[in-house]
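[1] Just to be clear, the model below is a prediction. Sequence and coordinates:
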Amino acid sequence: MSFPNWKRVVIKVGSALIAPNKQGCSSHYLLSIAQFIVKCRANGTQVVLVSSGSVAAGAHLFTEEEKTNIAVKKAMAAAGQTEMMATWDRLFDFPSAQILLTHGDLRDRERYVSVRETIDSLLDHGILPIVNENDTVTTDKLKVGDNDNLSAMVASAAEADALIICSDIDGLYNKNPHEHDDAELLKWVENIDESIYAMAGGAAADGVGTGGMRTKIEAAEKAVSHGIDTFIINGFTELSFNMLLEGQNPGTHFQPYDKPMQENVHWMRHTSNAQGEVIVQSDFDVSLVSDAEQLTSSEIIGVKGEFSVGDTILVRKDDGTKLVKAKSNYSSCLLNFIAKQDSEEFATEFEEKTGPIISEQHIANLEKE
């Protein structure tokens, strides 16, 4: 076997690898990961590192009683972030750069493109980007919540060829290997459906990380739909990385789509969050992906949430069926006003002057095919 033909790789490393005992950072499990990154770069493969661990790294500086406080958790992240970066930096003889993101940075199209440009510039200059969620400032509204999904968003933004997600087990099993001796490892997954999610189970049980196998499957689904080879591997064993370097599959390999989503459609579907909803009748049967202008105020029976011009919205039927996510050309306030007008002629003339309600340039189909 030979080294895989990857131009750009994103590797996600979790808190359990970086600060396994919540007593600061440890290089014990990181050495083999660092060697993998070094060898990738030596073979001409650019690497982006998505690294959790700031909260776990800073945990030992605070008492157990304090750790339930949200403000203290943010302080733990702030204190641990410098230690985490310093730990990685000691393992490399080339420069690295810190990129702290919130979901707000990714769901805004202009900032998303800016993130991509920054990553490109760093890689072009031989600098290793190290990405983490900005836990010191993030809120429920702005957070991604786990670095598995963040790594998939970063892989998409960076136009990576492969995404490697490190786990504490060898990959995805058909049942929990910690509870079942007859659990079997799935080496290949061609299609991520409900049966695959059912195998994933719940959240992490180690008390260190914020995600479990399910978030890794979610991340894999985001990545493969963008044409990115995705692997879930055991990050605690050096063998996993040696096998990858030899072109072998050490864990579970998720096959990328043969026909990946267009970049802007993928961003709309998997990265941009809907800020509100537009509801139409249950018998609405127009394909908005092919004809967005068919969504008019006369078809709207409700508007939920508050959104501005340019925000992403969800268009769904009254029975709950999701139709599309799209960029709104109207604010929720204005759309509510128009939809409530008794005169259809007023609404029609208004829309003819102002344009369609949703943009045709940024629209993602959510209907089950």
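    Right, received. Where do you want to start? Residues are numbered from 1 along each chain as shown.
[2] Check this structure for its longest helix and report it.
    Determined from DSSP state H, the single longest helix within the chain is helix 70-90.
[3] For whichever helix or strand comes after that one, what is the distance to the chain centroid?
    Following helix 70-90 in sequence order, the next helix or strand is strand 96-101 (DSSP states H and E). From the chain centre to the centre of strand 96-101 is a distance of 16 Å (CA atoms, centre = their mean, to the nearest Å).
[4] List the buried residues for strand 96-101?
    Within strand 96-101, the residues scored as buried using 16 or more other CB atoms under 10 Å are 96, 97, 99, 100, 101. Just so you know, the C-beta spots here come from the backbone N, C-alpha and C atoms, and that holds for glycine as well.
[5] cool, and stretch 231-249?
    For stretch 231-249, burial by neighbour count (16+ other CB under 10 Å) applies to 231, 232, 233, 234, 235, 236, 240, 241, 243, 244, 245.
[6] How many neighbouring residues does residue 60 have?
    Residue 60 is flanked by 15 other residues according to other CB atoms under 10 Å.
[7] export the buried residues of stretch 231-249 to a markdown table and tack on distance to residue 354 and secondary structure?
    What follows is the buried residues of stretch 231-249, written out as a markdown table (distance: CB to CB, whole Å; DSSP: H, G, I helix; E, B strand; the rest coil):
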| residue | distance to residue 354 | secondary structure |
| --- | --- | --- |
| 231 | 48 | strand |
| 232 | 47 | strand |
| 233 | 51 | strand |
| 234 | 55 | strand |
| 235 | 52 | coil |
| 236 | 57 | coil |
| 240 | 55 | helix |
| 241 | 55 | helix |
| 243 | 57 | helix |
| 244 | 53 | helix |
| 245 | 56 | helix |
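[8] mind putting the residues you listed in a markdown table, distance to residue 68 and pLDDT included?
    Below are those laid out as a markdown table (distance: CB to CB, whole Å; pLDDT from 0 to 100):
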| residue | distance to residue 68 | pLDDT |
| --- | --- | --- |
| 231 | 35 | 97 |
| 232 | 31 | 97 |
| 233 | 33 | 97 |
| 234 | 32 | 96 |
| 235 | 28 | 95 |
| 236 | 29 | 95 |
| 240 | 35 | 96 |
| 241 | 36 | 96 |
| 243 | 41 | 96 |
| 244 | 39 | 96 |
| 245 | 42 | 94 |
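[9] ok, so of those residues, who is nearest residue 40?
    Nearest to residue 40, judged by CB to CB, of the buried residues of stretch 231-249 is residue 245 at 7.7 Å.
[10] so how far is residue 184 from the closest one?
    26 Å (CB to CB, to the nearest Å).
[11] again with residue 234
    Per CB to CB, residue 234 is found 15 Å from residue 184.
[12] And for residue 304?
    Remark: distance between residue 304 and residue 184 (CB to CB) = 44 Å.
[13] next one: residue 177
    From residue 177 to residue 184 the distance is 9 Å (CB to CB).
[14] between these two, which one's more packed in?
    A side-by-side neighbour count of residue 177 and residue 184, using other CB under 10 Å, places residue 177 first with 15 against 10.
[15] residues in contact with the more buried one?
    169, 183, 185 (CB atoms under 8 Å, 6 or more residues apart in numbering).
[16] and if you look at residue 304?
    Neighbours of residue 304 in contact, by CB under 8 Å, 6+ apart: 276, 277, 279.
[17] if I look at the nearest residue to residue 233 once chain neighbours are set aside, how far off is residue 35?
    Spatial nearest neighbour of residue 233, chain neighbours left out: residue 251 (3.7 Å); criterion: CB to CB, 6 or more residues apart in numbering. Using CB to CB, one gets 18 Å for the distance from residue 251 to residue 35.
[18] more crowded one of the two?
    The neighbour comparison of residue 251 against residue 35 (other CB under 10 Å) goes to residue 251, with 23 against 15.
[19] Looks to me like residue 363 is in a strand.
    Yes: checked against DSSP: H, G, I helix; E, B strand; the rest coil, residue 363 lies within a strand.
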